[in-house]
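>>> Need coordinates for the following:
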Amino acid sequence: MTTAFTFTVKSIRFDENYQPSNNTRTTTNFANLARGESRQQNLRNTLTMMNNRFNSLAHWDNPNADRYSLEIEIVSVDIDVEGNGNTFPTIEILKTHIVDHKNNQRIDGIVGNNFSSYVRDYDFSVLLHEHNKNQTQFSVPKNYGDLHGKIFQSFVNSSTYAERFNKQPVICLSVSTTKTYHRTTNEHPVLGVEYKQDAYSLTDEYFAKMGLEVRYFMPKNSVAPLAFYFRGDLLSDYSHLELIGTISTMESFQRIYRPEIYNANAAAGQCYQPSLKHQDYSLTQIVYDREERSQLAVKQGKFTEEQFIQPYQDILEKWAADYVV
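Take a look at the predicted model:
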């Protein structure tokens with residue numbers, strides 16, 4: 001029988017006073033915004049952008065486009081491998097709450113949204129890099145992503161998750177710059193027009209190891225499709241307001257982080273290949289250091305190797321071999 005790892009969950013409010021905790025990955029998108037001289041203005045502008053986008057999508061019975069606002073929690077998950085109280089920061093996700101000011105109601109939103117993981121940093125920035133260092137053709141190591149995927153599924157299947165969240169997670173990310181996406185005739189009232197890709201990206205395959213399927217949708221007045229990773233039925237398991245909470249949160253982040261794609265001045269066409277070299281786009285009024293983020297990913301991947309992968313290697317390998325999804 002596989003030994004169960006213990007997970008602990010903590011949360012902190014993401015608002016204009018947000019200060020990243022010591023365990024937060026400094027490459028985490030929201031942590032990057034919350035540093036430097038512009039930190040408070042960054043956070044305020046980001047939240048305003050999210051609320052404006054939410055009200056533009058939830059336009060019914062909302063004549064002044066001010067009925068709703070979002071509250072966002074940063075949820076941090078730590079793992080205890082040996083059961084001795086020593087933990088390692090494993091996953092960081094976001095939980096949305098929707099405030100309906102007309103009905104004085106606070107509505108539960110989706111958990112997931114952004115996805116941050118030290119082990120993913122290790123896999124992408126250390127393991128994958130080392131594997132391909134002297135290769136002439138790109139490839140992935142054997143069992144790549146298996147450990148990370150099983151840790152994620154172990155958490156989502158745990159009593160710790162069930163006690164805290166009542167629905168399956170949905171993660172919303174940028175589409176891949178290495179793939180081509182084709183517009184379909186399928187259109188959802190909130191998610192918008194569906195796109196299909198020509199082949200799965202490395203990220204798609206990595207998230208599949210986490211037990212997540214992917215679909216791509218471009219919401220109304222968006223300029224590029226978003227990738228939605230989910231368990232279950234994305235279109236039936238969540239209300240319109242829940243889906244709008246995820247779209248407005250994550251599209252706003254992407255407009256800041258990848259303006260070449262999500263703040264482009266022309267919308268994706270019938271056949272679309274995203275590119276970070278695209279020149280016709282607008283910048284938001286929010287300061288974000290993308291170069292620093294990529295440099296830190298390597299440092300954090302090495303930190304994970306030294307503090308988690310190597311010390312617990314035997315336990316993790318045995319656990320992953322025995323764990324049945």
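
>>> Tell me the spacing between residue 113 and residue 251.
To residue 251, residue 113 is 11 Å away according to CB to CB, to the nearest Å. From N, CA and C alone the C-beta is placed, and that goes for glycine too.

>>> One more: residue 245?
Relative to residue 251, residue 245 is positioned 11 Å away (criterion: CB to CB).

>>> which of these two has more neighbours?
Ranked by neighbour count (other CB atoms under 10 Å), residue 245 and residue 251 place residue 245 first, with 31 against 24.

>>> list the contacts for the more buried one?
Residue 245 makes contacts with 54, 70, 96, 98, 109, 110, as judged by CB atoms under 8 Å, 6 or more residues apart in numbering.

>>> And the strands in the chain, which stretches?
Remark: strands assigned in the chain by DSSP state E are 6-14, 68-80, 88-100, 105-117, 170-174, 181-188, 192-197, 213-218, 226-230, 271-272.

>>> The fifth one pairs with which strands?
By that I understand strand 170-174. Here strand 170-174 has these sheet partners by DSSP bridges: strand 105-117 (parallel), strand 226-230 (antiparallel).

>>> Other residues contacting that strand?
Residues from elsewhere that reach strand 170-174 (CB under 8 Å, 6+ apart): 93, 110-115, 203, 207, 212, 226-230, 234, 238, 246-247, 249-250, 254, 257-258, 261-262, 274.

>>> same thing with the last one?
With contact meaning CB under 8 Å, 6+ apart, strand 271-272 is reached by 180, 181, 182, 183, 195, 224, 225.

>>> Mean confidence (pLDDT) on that strand, please.
Averaging pLDDT along strand 271-272 yields 96.

>>> Parallel or antiparallel, which strands does that strand pair with?
According to DSSP bridges, strand 271-272 forms sheet pairs with strand 181-188 (antiparallel).

>>> Next, the buried residues of the partner strand.
Along strand 181-188, these residues count as buried under the neighbour rule (16 or more other CB atoms under 10 Å): 181, 183.

>>> Next, give phi and psi for residue 139.
Backbone torsions for residue 139, taken as degrees, to the nearest 10, come to phi -150, psi 170.

>>> what about it, distance to residue 120?
For residue 139, the distance to residue 120 equals 19 Å [CB to CB].

>>> can you check residue 84 too?
According to CB to CB, residue 84 and residue 120 sit 25 Å apart.

>>> which residues sit against stretch 128-139?
Applying CB under 8 Å, 6+ apart, the contact partners of stretch 128-139 are 140, 141, 144, 298.

>>> roughly how far is that stretch from the heart of the chain?
Put simply, stretch 128-139 sits 26 Å off its chain's centre (CA atoms, centre = their mean, to the nearest Å).

>>> Distance across it, terminal residue to terminal residue?
One end of stretch 128-139 sits 8 Å from the other (CA to CA, to the nearest Å).

>>> Tell me the buried residues in that stretch?
Applying 16+ other CB under 10 Å to stretch 128-139 flags residue 128 as buried.

>>> and if you look at stretch 304-319?
For stretch 304-319, burial by neighbour count (16+ other CB under 10 Å) applies to 304, 305, 308, 309, 312, 316, 319.

>>> May I have it exported as PDB, CA atoms only?
Taking Å, rounded to 0.1, in the frame of the first residue of the first chain, the C-alpha atoms of stretch 304-319 are listed here in PDB:
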ATOM      1  CA  THR A 304      14.000  22.200  -5.400                       C
ATOM      2  CA  GLU A 305      16.600  19.700  -6.500                       C
ATOM      3  CA  GLU A 306      18.700  20.400  -3.400                       C
ATOM      4  CA  GLN A 307      15.900  20.700  -0.800                       C
ATOM      5  CA  PHE A 308      13.300  18.200  -2.100                       C
ATOM      6  CA  ILE A 309      14.300  15.900  -5.000                       C
ATOM      7  CA  GLN A 310      17.700  14.800  -3.700                       C
ATOM      8  CA  PRO A 311      17.000  14.500   0.100                       C
ATOM      9  CA  TYR A 312      13.700  12.500  -0.500                       C
ATOM     10  CA  GLN A 313      14.700  10.800  -3.800                       C
ATOM     11  CA  ASP A 314      14.300   7.200  -2.600                       C
ATOM     12  CA  ILE A 315      11.000   7.900  -0.800                       C
ATOM     13  CA  LEU A 316       9.600   9.800  -3.800                       C
ATOM     14  CA  GLU A 317      10.600   7.200  -6.400                       C
ATOM     15  CA  LYS A 318       9.100   4.400  -4.400                       C
ATOM     16  CA  TRP A 319       5.900   6.400  -3.700                       C
END
